[in-house]
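Participant: just to be clear, the model below is a prediction. Sequence and coordinates:
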Amino acid sequence: DVKVTQSSRYLVKRTGEKVFLECVQDMDHENMFWYRQDPGLGLRLIYFSYDVKMKEKGDIPEGYSVSREKKERFSLILESASTNQTSMYLCASTITGTSGSTETQYFGPGTRLLVL
Amino acid sequence: LAKTTQPISMDSYEGQEVNITCSHNNIATNDYITWYQQFPSQGPRFIIQGYKTKVTNEVASLFIPADRKSSTLSLPRVSLSDTAVYYCLVGDINTNAGKSTFGDGTTLTVKP
């Protein structure tokens, strides 16, 4: 079974702090994603990466950056945390699909971040 | 990216069949339709995926009409443990490396 782990289940930070959220997958997947989930807004894509050192902006990248130095690890960085970044953060990974096929996303358990 | 629209919530009773419809009027030729299930405090979990017509697995069925502008997730004989949020996802995973758009999700509540 694919395993996607996130560094913390719960995190409390203060406004202005730099926050690192780490995600690790153990199935050699090329693609990794960071989402945030808020009540009434569903899942929104922040950033994704399709290879080491590659990244692309999702729908709501403002206030976030990412790092993919190793294939199995994808980090989400909040340079200066703000209260409106209080949310559930979900990491996912997928393998690159071959012609005529597509892959599903495997999600981690989530990190619930509270910014005070 | 194709935007999806789902009902916000649905109620059902144990043993009933539940059908959740997702509208995706702007679906592109290469887009697949995927449904995920999410329980509280957990990440979403894959249920079923399809491109056209009908797909069935041990958990659910997915019905996709010829125009592909909507799809219906069918859960046979639901139980209390099927209470969850169900997301419809449309996207071309191969060319956009998974840059797909989740819908707002449908909260299904199964009552005894």
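Facilitator: Sure thing, it's come through.

Participant: please make it C-alpha for all contacts and neighbour counts, starting now.
Facilitator: Will do.

Participant: from memory A:Ile77 sits against A:Trp34, does it?
Facilitator: No. Using Cα atoms under 8 Å, A:Ile77 is not in contact with A:Trp34; the gap is 10.5 Å.

Participant: quick one: the strands in chain A, in order.
Facilitator: A:4-6, A:10-13, A:19-25, A:31-38, A:42-49, A:56-57, A:65-70, A:73-78, A:87-94, A:106-107, A:111-115 (DSSP state E).

Participant: which of those sits closest to B:Tyr32?
Facilitator: Across the strands of chain A, B:Tyr32 has its closest neighbour in strand A:87-94 (14.7 Å, Cα to Cα).

Participant: so where is chain B shaky, pLDDT-wise?
Facilitator: Where chain B drops to pLDDT under 70, the residues are B:1-2, B:93-101, B:103.

Participant: and the strands in it?
Facilitator: Along chain B, counting by DSSP E, strands occupy B:9-13, B:18-23, B:32-38, B:45-50, B:53-56, B:61-64, B:70-75, B:84-91, B:101-102, B:106-111.

Participant: thinking again about what came up before, which one's more surrounded, A:Ile77 and A:Trp34?
Facilitator: Neighbour count, other Cα atoms under 10 Å in any protein chain shown: between A:Ile77 and A:Trp34, A:Trp34 has more, with 25 against 17.

Participant: picking up where we left off before, any chance of the strands of chain A in a markdown table with distance to B:Thr72 and mean pLDDT as columns?
Facilitator: Shown next, in a markdown table, are the strands of chain A (distance: least, Cα to Cα, whole Å; pLDDT from 0 to 100):
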| stretch | distance to B:Thr72 | mean pLDDT |
| --- | --- | --- |
| strand A:4-6 | 29 | 94 |
| strand A:10-13 | 35 | 96 |
| strand A:19-25 | 31 | 97 |
| strand A:31-38 | 24 | 92 |
| strand A:42-49 | 19 | 88 |
| strand A:56-57 | 30 | 91 |
| strand A:65-70 | 35 | 97 |
| strand A:73-78 | 34 | 97 |
| strand A:87-94 | 24 | 93 |
| strand A:106-107 | 22 | 88 |
| strand A:111-115 | 31 | 96 |
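
Participant: A:Ser87 bridge partners, please.
Facilitator: Beta-bridge pairing of A:Ser87, defined through DSSP bridges, involves A:Leu113.

Participant: show me what contacts the residue positioned nearest the centre of chain A?
Facilitator: For chain A, the residue nearest the mean C-alpha position is A:Trp34 (2.3 Å; Cα atoms, centre = their mean). Residues near A:Trp34 by Cα atoms under 8 Å, 6 or more residues apart in numbering or on different chains: A:Leu45, A:Ile46, A:Tyr47, A:Phe48, A:Leu76, A:Tyr89, A:Leu90, A:Cys91, A:Ala92.

Participant: the residues you listed: which two are farthest apart?
Facilitator: The distance between the two most remote of the contacts of A:Trp34 (Cα to Cα) is 13.2 Å, for A:Phe48 and A:Tyr89.
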